[in-house]
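Undergrad: One predicted model, sequence on top.
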Amino acid sequence: MDSNNGWPEPIIPVQSLSESGTETIPERYIKPPSDRPGTELTKSSPLSIPVIDLSAMSIEEMARAVSDACSEWGFFQVVNHGVRPELMRHAQQVWRGFFHLPIEEKQRYANSPATYEGYGSRLGVEKGIRLDWGDYYFLHVLPPCLKSHEKWPALPHALRDTTDEYSRELINLCERIMEAMSIGLGLDPTRLQDSFGGRADVGACLRVNYYPKCPQPELTLGLSSHSDPGGMTVLLADDSVKGLQVRRGSDWVTIDPVRDAFIINVGDQIQVLSNAMYKSVEHRVMANATDERLSMAFFYNPKADLPLSPIRELVTLDRPVLYTPMTFNEYRLFIRRKGPRGKSQVESLKTSCH
């Protein structure tokens with residue numbers, strides 16, 4: 001492997017660029033005019049994604065609320081979800097501590113395009129692509145054969161144990177949400193989970209995103225527009241600095257995170273399994289001139305080598321099969337090659353008759 005760890009060009013952490021005091025961003029981070037955030041940096045929207053209180057509902061009420069949110073928005077926030085706020089804040093604290101370590105310590109975990117596991121600053125592998133203004137750390141939680149503490153940061157000292165506990169809590173939450181999603185589709189409570197390969201074979205991973213201050217936020221994005229390629233995402237956002245935007249028709253809606261809430265969104269694999277009754281939605285992250293921002297995206301995914309296609313109970317004469325089968329392993333290779341590209345991948349799976 002070359003000195004770039006398999007990447008086509010030298011990797012420069014965005015945090016290093018930010019801390020250098022530069023007043024202009026390198027050309028490779030400047031987005032085409034059609035993709036720049038423009039006035040959305042300051043424009044507020046009267047629209048907001050649904051907020052669901054999980055403590056105040058029966059499973060049937062929860063299923064209706066989750067189903068409506070997945071069908072209408074593809075995004076929702078959950079409060080009173082059972083994960084301790086102290087754990088959530090501590091997880092953010094230890095990971096912020098990691099990104100504030102000396103660069104030499106972080107570079108010990110520099111990643112490669114082969115697995116993306118570790119410390120990185122770009123997603124797409126193609127040479128010459130436009131880059132996003134953000135660094136990240138990606139790690140595997142499930143299946144057990146992929147999880148390795150040796151690939152997780154040793155510093156701060158509490159990071160590994162905290163991330164373990166946090167991940168266990170989020171797996172439990174994902175299982176509850178999957179059950180509600182399944183009931184909301186008119187299926188047995190375990191049907192969607194079974195279509196993922198069952199509880200024993202799912203995949204789960206965590207990407208901690210760090211968005212440093214940017215001298216020209218109007219020219220770039222922290223993370224380009226995309227829909228998530230996996231099953232479901234549970235995001236712990238920075239509730240003090242807004243940045244996440246969700247596409248709503250031709251507009252972008254800025255999400256206002258509720259304190260101690262999780263933001264949950266449908267991934268492409270659930271759109272496929274639900275035959276588009278639930279929809280993954282494009283979203284992106286703004287850069288910020290005055291504040292750094294950290295978010296933690298927990299991805300709950302189907303078994304990697306299991307071919308996925310619409311669940312047969314959701315296929316009717318009025319709603320025929322919309323997608324051709326593909327495994328998650330095959331699917332995510334597209335993202336790894338090209339980086340975030342809107343919803344072009346899931347749309348490419350649609351059967352020729354549609």
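TA: Nice, I can see it. Residues are numbered from 1 along each chain as shown.
Undergrad: need the helices for this structure, in chain order.
TA: Using DSSP state H, the helices assigned to the chain run over residues 14-19, 59-72, 85-99, 103-107, 159-184, 191-195, 268-273, 328-338, 344-348.
Undergrad: my guess is I30 meets D132, correct?
TA: No: with contacts defined as Cβ atoms under 8 Å, I30 does not count as touching D132, sitting 11.4 Å away. Every C-beta, even on glycine, is put in place using the N, C-alpha and C of the backbone.
Undergrad: hey, what's in contact with both of the two?
TA: A shared contact of I30 and D132, defined by Cβ atoms under 8 Å, 6 or more residues apart in numbering, is any residue touching both; here these are T220.
Undergrad: more neighbours, those two?
TA: Between I30 and D132, counted using other Cβ atoms under 10 Å, the more crowded position is D132 (26 against 16).
Undergrad: I'd say the more buried one and L223 touch.
TA: Yes: proximity of D132 to L223 meets the contact threshold set by Cβ under 8 Å, at 5.2 Å.
Undergrad: could you check the distance from H149 over to D164?
TA: Note on H149: its distance to D164, by Cβ to Cβ, to the nearest Å, is 8 Å.
Undergrad: same check, this time on K303
TA: As for K303, its distance to D164 is 22 Å (criterion: Cβ to Cβ).
Undergrad: So between those two, which is more surrounded?
TA: Neighbour tally, K303 and D164, criterion other Cβ under 10 Å: the higher count belongs to K303, 19 against 14.
Undergrad: And V266, how far from R64?
TA: With the distance defined as Cβ to Cβ, V266 ends up 16 Å from R64.
Undergrad: Tell me which of the two has more neighbours.
TA: Neighbour count, other Cβ under 10 Å: between V266 and R64, V266 has more, with 25 against 15.
Undergrad: The more buried one contacts F76, correct?
TA: No: look at V266 against F76 with Cβ under 8 Å: they stay out of range, at 9.4 Å.
Undergrad: Spit out the residues that contact the two alike.
TA: Between them, V266 and F76 have C70 as joint contacts when contacts are counted by Cβ under 8 Å, 6+ apart.
Undergrad: Strands of the protein, residue ranges please.
TA: Taking DSSP state E as the criterion, the chain carries its strands at 51-53, 75-79, 118-120, 135-142, 203-211, 223-226, 232-236, 244-248, 251-254, 262-266, 283-285, 293-301.
Undergrad: Of all those, which one comes closest to E175?
TA: Between E175 and the strands of the chain, the tightest spacing by Cβ to Cβ is seen for strand 293-301, at 8.6 Å.
Undergrad: Bridge partners for the residue nearest to I255 when sequence neighbours are not counted, pull those for me.
TA: On the basis of Cβ to Cβ, 6 or more residues apart in numbering, the spatially nearest residue to I255 that is not a chain neighbour turns out to be L244, at 4.5 Å. Beta-bridge pairing of L244, defined through DSSP bridges, involves V285.
Undergrad: Run through who's touching stretch 193-207.
TA: Stretch 193-207 is contacted by residues 136-143, 146, 163, 167, 170-171, 174-175, 178-179, 182, 230-231, 269, 273, 296-304, 306, 308, 311, 328 when judged by Cβ under 8 Å, 6+ apart.
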